[in-house]
Each structure stands twice: as structure tokens, then as C-alpha cells.
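Asker: A structural model of the following input is requested.
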Amino acid sequence: MTQLINISEAVSIAYHGIAVIADNAPQRMNISTISDILKVSQPHLAKVFQILTKHGVLDSSRGPKGGFILRLDPKDITFLMIYEIIEAKITISECPLGRNNCPFRNCIFDKKLTHLSRKIYKTFGEITLSEFLKDVDYRED
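Answerer: Reported below is the predicted structural model:
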């Protein structure tokens, strides 16, 4: 099914994973437990968490009592922050196709898509992890 806004699997894993960690704070959570809850591969989850740790979102420790905890308060973690850490910094250009020269005298999109992109960008920056935590409820399948 095609969707208008697509979120990569890595971003989804990142956000769901940090939601599980935040929901279980202050207990450290290990990759095995989180991958079982999210039903994702351990290597993919570990790769995503390695990136989040490198960028200061998570703290990790090894050993029997090791695992991951958040380094930041959930109210300070935005969806945009995680999206840009995992994917790349978002740049919004005037042309939705990223072109410098348009074949039309006046843009047929009339900058409507650029305006919409800016709204989405702003909204992603306003959605915090603490808001997501209100709806955290693991399903037993």
C-alpha cells in the first residue's frame, strides 16, 4: 500500500525502541528484550541503537546488568530529531523536485508543496517522545 508520508523501517525502529526504553525507565533494556517486544531483528535494532548512542540520545553499558537507557528527557526528544539522526538533515527547497530551473514560467505547484513540507517539518519538531508514551501498550501476540 502506498502512503503519502513514508517513515523508514530504521526510523520506526528507533522511535518505537526509545519508547520501550522510556516506558521501562530507570531500568536498562537490552537488545534481545526490545527486539522481542518490537518483533524486529536484533542486528537491525543494534545498528539503529548504535547510531542513537553515538548522537547522545541513548547511553549503553555492557554486562549482565547492561543495556540501554535514555540520556535525554522524553520531552526533549522530538520525532524530527530522531528522523534526522537516522536519515539525514532535512532541507526544504522551493522546488519539490529540487531543481534550480523550472521549465514553466510560474511553478505549477505554486509553492503549495513547499509550504506543506514546512508544516510537516514544524509538526515533526513539535511531536515529543513524552507524547508518544501516553499510548505505549505492548500487545501480546
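Asker: low-scoring pLDDT stretches of the protein, where are they?
Answerer: In the predicted model, the chain carries pLDDT under 70 at residues 1, 139-141.
Asker: the helices in this structure, which residues?
Answerer: 9-23, 31-38, 42-54, 79-86, 112-126, 129-133 (DSSP state H).
Asker: please name whichever of those is nearest to Cys95.
Answerer: In terms of C-beta to C-beta, the element of these nearest to Cys95 is helix 112-126, at 7.7 Å. Where you see a C-beta, it was placed from the backbone N, CA and C, and this is true even at glycine.
Asker: between the helices of the chain, which gets nearest to Ile69?
Answerer: For these, the distance to Ile69 is smallest for helix 9-23, at 6.4 Å, taking C-beta to C-beta.
Asker: which residue packs closest to Val136, ignoring adjacent ones?
Answerer: Take Val136 and drop its neighbours on the chain: the residue closest to it by C-beta to C-beta, 6 or more residues apart in numbering is Asp23, 4.7 Å away.
Asker: apart from its neighbours in sequence, what residue is nearest Thr53?
Answerer: Leaving aside its chain neighbours, Thr53 sits nearest to Ser60 (5.1 Å; criterion: C-beta to C-beta, 6+ apart).
Asker: doesn't Gly66 make contact with that neighbour?
Answerer: Yes - counting by C-beta atoms under 8 Å, Gly66 is a contact partner of Ser60 at 7.1 Å.
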